[in-house]
Structures are given as C-alpha cells and as structure tokens.
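*Asks:* please find the sequence and the predicted model below.
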Amino acid sequence: MDSIDISVILVNYNTKNLTVNAINSVFEQTKNISFEIIVVDNNSTDGSVEEFQKLFRDKITILKSENLGYGHGNNMGIKQASGKYVFLLNTDALLLNNVMKILFDYIETNPKCGACSPNIYDINGKFTHSKGIFLKNNFSALYNLVFHHIYHKLKFLHHVFSKKPSKAQWSSFCAILMRKDAVENAGYFDEDFFLYCEDEELSFRMVSNGYDFYVVPEAKVRHLEGGSFDCGIQKKEKRLRLMTYSKFILFEKEYGKNAPQKHYEERLRFFSLINFLSLGFLSNRCKNRKRILIEEYERYKKLKPS
C-alpha cells in the first residue's frame, strides 16, 4: 500500500449535513496529494453514520465513539491515522482552495513548523479568527482578561494580510495541518477538556517542545462559526458554561493550582468594573455572566482533574 501524506479527521456530533458538506469540499478542492478521511462520530442521534455510509461508502473510515468530547474524538482519529500529517477539520468548515496541498508544501520545507493553518473567513467572506495568543503568567489575571477580551473582538488582529506565511503563538484548529509525531510527542489532546480550550492547551505543550505554529494565507477556509453548535438561547448559555469551565482547567494546567482561583476572583472584579463603566446599562448581562461564573467555578472545584 502506498504511503498516505495526510489523514483528514473530522469529529461529528449531530452535524450530519455540515459534515457532508465539509467532506465534499475536501474531495472537490484537494489535488496532487494523497489523503484518507476519518470521521469520528460521537454517538450522534441524527442518522449521521447511516448517511455517511450511504453517500461515501468505502471512501471514508467511520469510527464510532461515546460522546467524551472533542479532544477524545480527535485522539481516536489521530491514533487510527496512517498519514505522516493529520489535518483536523471542523465539521462547520469548508475548503475554498487546495488547502491541504498548500499547507503540506509549507510544512514539508519547514522542520520547526509543528502545525500550520489557513486564513479563515466567515460565512460572508470576511476575515475572522485565524490565530490566537497565549495568556501571560507574568501579568495580572485582570490584565489577561481585559487584554484577551479586547484582542478577541478585534478580528483583524487574528488575520494575516500579507501573502507570506506568518508565525503565530498558535493557529486556528478550525482547520489545521499538524505533524502527527509532534502531536504524539506532546501527548495528544488532554481529555480533561470536553469542549473549548483543548486546542490552546495542546498548542502550549507543542510550543514548549520547540515547535512553531504558522498561518499560511494562500490557503483559505470558510468557517460557519458556531454552525456545529445549535445557538438557541439555552444552547448559548450551555456554550458559555463550557467555555467558562474549560478556562479554569486551562489556567491550572498552564500556570498551576492557584491560577484558577486568581482567574475567578479577577473575573468577578472585571464584571463589577464593566457594570460600573456602563453606568448600569449592562447590569443584567453582568449579573447573568457572574452567576454562570460562580456556578461553573463551584463545579470546577468539585470535579477538577486530579
């Protein structure tokens, strides 16, 4: 059997139609490179597996799993993968050009590059988050909170406008080509995370191992942000809870056992500050965020990883 350049991995949970479109974009856009597609299904109830089997037959490999989170699903796929590289692709993402070949050509000639991503565009074709920055342990938690909040809102800071690849602290996991051995050496995704922050935490370990992350702007992907997460009012709160809880785990793993409490206390101050500066106009929003923060911190203390 000929060697495979890239193993494409998608983790599906009740996103049947999105996943079909993502897979089709891989087949339509990818040329001059060998690849396999592995779909890990996290116990979907929308008929995903049956639909994939009907449409793609032996063109893809389907792995069935309990829904133990995004990181767990990706780990299953990575361990099954035959490729030299793994290309992690969100089910709500679409390749807009020969993304995998472009990224492959770059990483093959840059041995310190542990992973690289395309420029990411939203559903309207506007630039969105293609890269991120790590929290800084030598700054106050309040500084981290305010700085990250502002940074996250200014999407142009997350985009590469030049034509040349740009080094990033870490790049978007919406669509990312990674050295399989670099992921293995870092210890795979940490499965203490169910959803959110697992990408940043794995990136942190890979960078600590001496690898760099890059955004290669010639490669382009459209990300239907939130498409893989139904965003009704109740689902929005569930998403916020998952993000809040995962942040506590992230702080502990990156900066020690006292970091989550510091983050919690500073975030409480942050909400008070925002409420004060808005002259009370954001009072209800701040109260709701504060309630979720308190409840998720209590849950974290009870369930935190040993």
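*Replies:* Nice, thanks for sending it over.

*Asks:* so Ile37, which of the three states?
*Replies:* Classification of Ile37 using DSSP: H, G, I helix; E, B strand; the rest coil returns strand.

*Asks:* give the contact list for it.
*Replies:* Counting by CB atoms under 8 Å, 6 or more residues apart in numbering, Ile37 makes contact with Ser7, Val8, Leu10, Ile23, Val26, Phe56, Lys59, Ile60, Thr61. Where you see a C-beta, it was placed from the backbone N, CA and C, and this is true even at glycine.

*Asks:* the same query, at a cut-off of 10 Å, please.
*Replies:* By CB atoms under 10 Å, 6 or more residues apart in numbering, the contact list for Ile37 reads 6-10, 22-23, 26-27, 30, 52, 56, 59-62, 77, 87, 89.

*Asks:* okay, and which of those residues map to strands?
*Replies:* Of the positions in the contacts of Ile37, Ile6, Ser7, Val8, Ile9, Leu10, Thr61, Ile62, Phe87, Leu89 sit in strands, assigned by DSSP state E.

*Asks:* would you list those residues in CSV and tack on pLDDT, neighbour count and distance to Asn110?
*Replies:* Converted to CSV, these look like this (pLDDT from 0 to 100; neighbours: other CB atoms under 10 Å; distance: CB to CB, whole Å):
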residue, pLDDT, neighbour count, distance to Asn110
Ile6, 98, 26, 16
Ser7, 98, 22, 20
Val8, 98, 27, 21
Ile9, 98, 26, 22
Leu10, 98, 27, 25
Thr61, 98, 17, 29
Ile62, 98, 15, 33
Phe87, 98, 25, 16
Leu89, 98, 27, 21
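
*Asks:* which one of those residues is nearest Glu237?
*Replies:* Among the ones in strands among the contacts of Ile37, Leu10 lies closest to Glu237 (CB to CB), at 26.4 Å.

*Asks:* contact partners for that closest one?
*Replies:* By CB under 10 Å, 6+ apart, the contact list for Leu10 reads 18-19, 22-23, 26, 37-41, 52, 60, 73-74, 77, 87-91, 93, 228.

*Asks:* how is this structure carved up into domains?
*Replies:* 6-136+154-223, 233-303 (automatic domain parsing).

*Asks:* roughly how far apart are Glu237 and Arg289?
*Replies:* Remark: distance between Glu237 and Arg289 (CB to CB, to the nearest Å) = 10 Å.

*Asks:* give me the more crowded residue out of those two.
*Replies:* Between Glu237 and Arg289, counted using other CB atoms under 10 Å, Arg289 has the larger neighbour count: 18 against 12.

*Asks:* which non-adjacent residue is nearest the more buried one?
*Replies:* Phe271 (5.9 Å; CB to CB, 6 or more residues apart in numbering).

*Asks:* look at the one you found and say how many residues are nearby.
*Replies:* Phe271 has 18 nearby residues by other CB under 10 Å.

*Asks:* looking at this, it is in a strand?
*Replies:* No: with three-state DSSP as the criterion, Phe271 is assigned helix and is not in a strand.

*Asks:* my guess is Thr91 meets Ser25, correct?
*Replies:* No: if you go by CB atoms under 10 Å, Thr91 and Ser25 don't touch, sitting 11.0 Å apart.

*Asks:* who has more neighbours out of the two?
*Replies:* Thr91 (23 against 18).

*Asks:* distance of Glu266 from Leu63?
*Replies:* As judged by CB to CB, Glu266 and Leu63 stand 41 Å apart.

*Asks:* and the lengthiest helix in the chain, what's its mean pLDDT?
*Replies:* Criterion DSSP state H: the longest helix present in the chain is helix 233-255. Confidence for helix 233-255, expressed as mean pLDDT, is 88.

*Asks:* flag the shaky bits of the stretch 51-200 of the chain, pLDDT-wise.
*Replies:* 135-158 (pLDDT under 70).

*Asks:* can we see that at 80?
*Replies:* Low-confidence segments of the stretch 51-200 of the chain, defined by pLDDT under 80: 133-159.

*Asks:* what are the ranges of the strands in this structure?
*Replies:* 6-12, 35-41, 61-64, 85-89, 93-95, 113-121, 131-132, 166-168, 170-171, 175-179, 212-223.

*Asks:* columns distance to Glu254 on top of those, output as CSV?
*Replies:* Shown next, in CSV, are the strands of the chain (distance: least, CB to CB, whole Å):
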stretch, distance to Glu254
strand 6-12, 23
strand 35-41, 26
strand 61-64, 30
strand 85-89, 21
strand 93-95, 26
strand 113-121, 18
strand 131-132, 13
strand 166-168, 17
strand 170-171, 12
strand 175-179, 20
strand 212-223, 16
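
*Asks:* out of those, nearest to Phe276?
*Replies:* Short answer: strand 131-132, nearest of the strands of the chain by CB to CB, at 28.9 Å.

*Asks:* spatially central residue in this protein, please.
*Replies:* For the chain, the residue nearest the mean C-alpha position is Phe173 (4.0 Å; CA atoms, centre = their mean).

*Asks:* cool, thanks, signing off.
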